[in-house]
Each structure stands twice: as structure tokens, then as C-alpha cells.
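Enquirer: sequence plus the predicted model coming up.
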Amino acid sequence: MKKILLILLTLFSISLFAQDNKSEAGGPPKLSELIGYWKKVEIPNEEKLNQVNPWPQKHQWFAFFENGKVYSMMSDKDYEYTSKELEEVFKVLPFDITPNYKLDGQFLTIDNKEIKDYQELWGVNLFAIDVNEFLKKGNLIMSLDDGKGNGNVIYYRLLKKIE
């Protein structure tokens with residue numbers, strides 16, 4: 001647990017001070033690397049690592065589109081969706097109430113026009129190498145800020161791209 005936290009904190013502290021600087025282990029994703037379909041990967045001892053869990057369903061899928069929209073869905077059951085299947089699911093969701101995202105270096109913001117003054121601020125890092133048995137090359141780690149402007153991370157999400 002402490003080793004996992006140390007790895008995550010080291011990666012984020014290095015990249016927070018140099019937003020466009022990629023280290024050997026990774027760095028901020030380019031927009032072209034973010035675009036696509038992703039599946040949440042469980043982090044060992046995730047329930048202890050995260051201070052809160054705003055999205056309690058264990059299995060989660062996401063889509064980042066070039067038009068700035070981000071789609072998500074969750075389930076208590078795991079499925080091995082293909083990108084084609086997720087495309088079909090997400091395209092039926094209403095465009096006008098779907099949250100928007102903006103990638104700016106190491107930071108990704110998500111808004112939701114359905115909720116007044118709603119905004120999520122995420123630190124993002126795309127791994128360039130395998131770090132260990134669960135932090136793999138191509139995985140995206142997202143760290144959610146508590147929204148108070150002090151850089152306090154309250155939730156981590158690890159995503160694997162679905163090709």
C-alpha cells in the first residue's frame with residue numbers, strides 16, 4: 001500500500017512542476033492519446049488509498065471524444081466490452097447533457113452543465129513503461145483534486161485503453 005502511494009505521489013509531484021516534461025515513466029497524455037475508450041483497472045488496496053469514492057460501482061468504462069465530450073458508465077458486473085460495443089452504447093446518450101472535458105497539459109477538467117458550478121479537476125499521467133504488475137505502459141492514472149485549490153488528491157482512477 002505504501003509503495004503504491006509512493007509511486008503515485010512521485011509520478012504526480014514530478015509532473016506537476018513540469019507540465020509538459022515527460023519522464024522515463026511517463027507524463028501528460030497528448031489529446032490524441034487520450035481520445036478513445038477506456039476501462040477502469042482496480043488498484044490494489046484502492047479502498048484504502050482513496051479518501052472518498054464518488055463512483056461506487058466497481059466496473060467503469062469511459063470514452064473521450066475529439067469534440068470535447070466525455071462519456072462514462074458503471075456496473076456492478078464486469079464485462080469485456082470492445083471499443084465498437086462502447087461506441088454503440090455511448091452514441092445513444094444525449095449529447096447536450098453529456099459532460100465536457102478539457103485537457104491542458106497535466107490537468108483534465110470535466111464540467112457538467114446539468115449541475116450548477118460543477119467541475120472536476122484531475123491530474124493525468126500516461127505511463128510510458130511498465131512500472132509494476134498493475135501500472136502498465138499505456139495505462140492512464142487520474143487523480144481527482146478535492147476542489148479546494150490546495151492540491152489535495154482524494155481519489156485515484158487507473159484506466160486501460162480499449163483498442
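Expert: Perfect, I can see it now.

Enquirer: and the pLDDT at Gly151?
Expert: With respect to pLDDT, Gly151 has a value of 84.

Enquirer: what about it, how many neighbours?
Expert: 13 (other CB atoms under 10 Å). C-beta coordinates here come from the backbone N, C-alpha and C atoms, glycine included.

Enquirer: again, but for the one 10 residues further on
Expert: Burial of Lys161 is recorded as 16 neighbouring residues (other CB under 10 Å).

Enquirer: the host helix or strand of it - contacts with which helices or strands?
Expert: Assigned by DSSP states H and E, Lys161 falls within strand 153-162. Judged by 3 or more CB pairs under 8 Å, 6 or more residues apart in numbering; DSSP states H and E, strand 153-162 is in contact with strand 36-41, strand 59-64, strand 140-145.

Enquirer: point out the most buried one among those.
Expert: The highest mean neighbour count among these, using mean count of other CB atoms under 10 Å, belongs to strand 140-145: a mean of 22.

Enquirer: partner strands of it, parallel or antiparallel?
Expert: When pairing is defined by DSSP bridges, strand 140-145 lines up against strand 119-127 (antiparallel), strand 153-162 (antiparallel).

Enquirer: give me the residues contacting the first one.
Expert: Strand 119-127 is touched from outside by 11-12, 15-16, 25-29, 33-34, 103, 106-111, 135-145, 147, 153, with contacts defined as CB atoms under 8 Å, 6 or more residues apart in numbering.

Enquirer: which among those residues end up buried?
Expert: The neighbour-count test (16 or more other CB atoms under 10 Å) marks 11-12, 15, 25-29, 34, 103, 106, 108, 110-111, 135, 138-145, 153 as buried among those.

Enquirer: which is the next helix or strand following the lowest-mean-pLDDT helix or strand in the chain?
Expert: When each helix and strand of the chain is scored by mean pLDDT, DSSP states H and E, helix 2-17 comes last, with a mean of 43. Counting by DSSP H and E, the element after helix 2-17 in chain order, helix or strand, is strand 26-27.

Enquirer: where's that next one relative to the chain centroid, distance-wise?
Expert: 14 Å (CA atoms, centre = their mean, to the nearest Å).
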